[in-house]
Structures are given as structure tokens and as C-alpha cells.
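Got a predicted structure here, sequence first:
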Amino acid sequence: MRKNSHKDIIVQFKGQLEFDSISDLIHILKERMKERHVNYVTYKKILMLMIESLENILRYNKHIDLTLSLIKDNPPEFKIYMENNHYLIESSNVILNQDIYGLNQRLEQINTLSKNKIKDLYKSTITDGKFSDKGGAGLGIIEMAKITDEKLKYQFSPIDEKFSLYTLQLLLSIPKKVEKKAKK
């Protein structure tokens, strides 16, 4: 994971996530991208990464009692920021320890694949994907891996014997044309 350095925060959210919150965050992202004159292709990639990240938070929190003090002490967090020549999308949320093994296996598998192999995996998953009890076939993670410019960075930080904090960081390079435009 990248450590804190100078960050230009674009969108940040911390707290219990609802569908209305996602809609508000999408609106904020759209406005902030317009202010920065971000090209449509880059905006669309950031938006897709944002939506997939937020849906993952919702999906994992759906199976956890959100009234637990542990969840209140470790609320879901999401942010998009610029650092150097990259956009970084970070999300974190509490997950059940029993979900770590399968998620870790999936992330490791995807991180071993080339971009072409990720695209092939995406196509085959769409065609014959098996859906988990969490509601997905892993398409969101595959979609994120297709869009990002680096391997998925993630970590699981134990909280107690039942829960851990899952953090995911995605990186998207700023296209050179956009950098030149922004400097003018």
C-alpha cells in the first residue's frame, strides 16, 4: 500500500454506506472531474472503479450486523485522490474472517494474470460464472483488474477472532494529454 504523501483528495467518504450515499458520491465525482477538466475516458474508468469498490463494501457489509460497536469503530471508508501522476482509489471495510481465504485466493489469482488473460477470464465469467452467496461471480474484481494500471493492492488487518479490515487500493495513471492540459 502507498503511504501518505501529498494527496489531492477528490472524493472521500467514511461511514455506513447506503445506495443514496453512492448516488451522492457519483454526483460529487462528476462535478470534481469537470472542475479538473478530466477527459471522458479517464472519468469513466474512475467512475467504474468507484462503483465496483462501493458495491463491494455494500456486498460484504450486507452480511454483518452493522450495529456492532466493532463496525462503528471501523466504518467503511472510500476515497479517490491524485498522487504524483496517478489517481488512487482506496476502499476499506470490515469483513468476516471466514471470507478472507476465498477473497484472497481470487485476488491472488487475478494478480497473476496478464491484461489479456484478465479479459479472457471476464468473458468466460460472464458466460458461465457461478454466483456466490454474496451475490457476485467475482466480476467486480475482474472488472477492476481490467481497468487499473497496476496489480490490485490489498491487505487484511485482523481486528479480532471474527473480523478483519479489508483494504483495497487501485491505481490509474493520468494520461499525458490530461497532464499537459491541466498545467496550461
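Sure, I can see it.

where do the helices sit along the chain?
Under the criterion DSSP state H, the chain contains helices at 19-35, 40-61, 69-73, 100-111, 115-128, 139-147, 176-183.

and residue 92, which of the ones you listed is closest to it?
Ranking the helices of the chain by proximity to residue 92 (Cβ to Cβ) places helix 40-61 first, at 8.4 Å. Bear in mind the C-beta positions are built from the backbone N, C-alpha and C, glycine included.

what sits up against that closest one?
11, 16-17, 19, 22, 25-26, 29-30, 33, 38, 71, 76, 78, 80, 87, 89, 91, 93-96, 99, 134-136, 140-141, 143-144, 147-148, 166, 168, 170, 172, 174-175, 178 (Cβ atoms under 8 Å, 6 or more residues apart in numbering).

Select only the buried ones of the residues you listed in ChimeraX?
Applying 16 or more other Cβ atoms under 10 Å to the contacts of helix 40-61 leaves a buried subset, and the ChimeraX line that selects it is:
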select :11,17,22,25,29,33,38,71,76,78,80,87,89,91,93,94,95,99,134,136,140,141,143,144,147,148,166,168,170,172,174,178
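
For the protein, give me the ranges with low pLDDT.
For the chain, applying pLDDT under 70 flags the ranges 1-6, 66-67, 129-137, 177-184.

residue closest to the middle of this structure?
The centre of the chain sits closest to residue 53, judged by Cα atoms, centre = their mean, with a distance of 3.2 Å.

Tell me how far that residue lies from residue 161.
Separation of residue 53 from residue 161 (Cβ to Cβ, to the nearest Å): 27 Å.

Confirm for me that residue 14 is in contact with residue 77.
Yes: taking contacts as Cβ atoms under 8 Å, residue 14 lies within contact range of residue 77: 4.6 Å.

Of the two, which one has the most company?
Counted by other Cβ atoms under 10 Å, residue 14 and residue 77 do not tie: residue 77 has more neighbours, with 17 against 11.

got the contact list for the more buried one?
Contacts were defined as Cβ under 8 Å, 6+ apart; by that measure residue 77 touches 13-14, 90-93.

can we see that at 6 Å?
By Cβ atoms under 6 Å, 6 or more residues apart in numbering, the contact list for residue 77 reads 14, 92.
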